[in-house]
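Peer 1: Quick one: sequence and predicted model below, then my questions.
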Amino acid sequence: MDIVKMVADLDQSPDLHMARILILLDAFAEDDQCGAIEGLTKLAKLDFLLRYPVMLERALEAKGCSTRDIHLDDHERHSVESKMVRYRFGPWDHRYRELLNILIAKGLTNISIEGRTFVIVSTEMGRNKAQQLAEEEMFKPYARRAKLLKRRFDLTATNLMRFIYETFPEIISLKSNSPIPT
């Protein structure tokens, strides 16, 4: 199998994306394990910073925060695990609803609706799975960066969207559905 096909197959695998989302949800669970991510827009913006660690580094610099906890590998400076597209409110992946439905069907995530907002939270089984994943070498960077996102970017969806717009104006200038480069 050549490396290009292997990377393309990995991007199409929902398992990788669901694992990353579970780790992100677990990081946002408070000590009482009741934390949640409010809205798909907020989930997408946080996932964008998790998938694009170079952008996370820029975001931290824009906030005047240290970047030492990112631990970027050289290959991460020139590539991204799975690209997102520019959509109506910035970075987006059209698979979010499918991925969340699979996570719900597997009993790993729950979604409730408050007003017009989807509130996404891990179940106990989802949190246990996320913590198992976080101990695997492949997912350690995601776990470390997800905790960093919780500490530095636990903003409202609107404020996070504004921050993304201000910090990454090149994304907003892309045509809708254009892949976001690294």
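Peer 2: Structure's in. What do you need?

Peer 1: And for the spatially most central residue of the chain, nearest residue in space, chain neighbours not counted?
Peer 2: The chain has Asp47 as the residue nearest its centroid, 1.5 Å off, counting by C-alpha atoms, centre = their mean. Distance criterion C-beta to C-beta, 6 or more residues apart in numbering; nearest residue to Asp47, sequence neighbours excluded, is Leu24 at 6.4 Å. Placement of C-beta: from N, CA and C, glycine included.

Peer 1: To what extent is that neighbour buried, counted in neighbours?
Peer 2: Residues within reach of Leu24, counting by other C-beta atoms under 10 Å, total 25.

Peer 1: same deal with the one 5 residues further on?
Peer 2: Other residues near Ala29 number 18, with proximity taken as other C-beta under 10 Å.

Peer 1: roughly how far apart are it and Ile23?
Peer 2: To Ile23, Ala29 is 11 Å away according to C-beta to C-beta, to the nearest Å.

Peer 1: Next: Gly115.
Peer 2: From Gly115 to Ile23 the distance is 27 Å (C-beta to C-beta).

Peer 1: of these two, who's got more company?
Peer 2: It is Ile23, of Gly115 and Ile23, that has more neighbours when counted by other C-beta under 10 Å, with 25 against 6.

Peer 1: buried stuff in the helix or strand hosting that one?
Peer 2: According to DSSP states H and E, Ile23 maps onto helix 14-28. Buried residues in helix 14-28, defined by neighbour count with 16 or more other C-beta atoms under 10 Å: 16-28.

Peer 1: In those, find the pair that's most separated.
Peer 2: Between any two of the buried residues of helix 14-28, the greatest separation by C-beta to C-beta is 19.3 Å, found for Leu16 and Phe28.

Peer 1: dump the residue contacts of the residue nearest to Asp47.
Peer 2: The contact partners of Leu24, by C-beta atoms under 8 Å, 6 or more residues apart in numbering, come to Ile37, Leu43, Leu46, Asp47, Leu50, Tyr142, Ala146, Leu149.

Peer 1: thinking the last one is in contact with Leu46, fair?
Peer 2: Yes. A contact is recorded between Leu149 and Leu46 when judged using C-beta atoms under 8 Å, the distance being 5.4 Å.

Peer 1: neighbour count winner among these two?
Peer 2: Per other C-beta under 10 Å, whichever of Leu149 and Leu46 has more neighbours is Leu46, with 26 against 21.

Peer 1: what's the average pLDDT for the helix holding Ile23?
Peer 2: Mean pLDDT, computed over helix 14-28, is 93.

Peer 1: same check, this time on stretch 118-126
Peer 2: Stretch 118-126 shows an average pLDDT of 93 in the prediction.

Peer 1: What are the contacting residues of it?
Peer 2: Counting by C-beta under 8 Å, 6+ apart, 22, 25-26, 29, 33-40, 43, 100, 103, 107-113, 130 sit against stretch 118-126.

Peer 1: Good, wrapping up.
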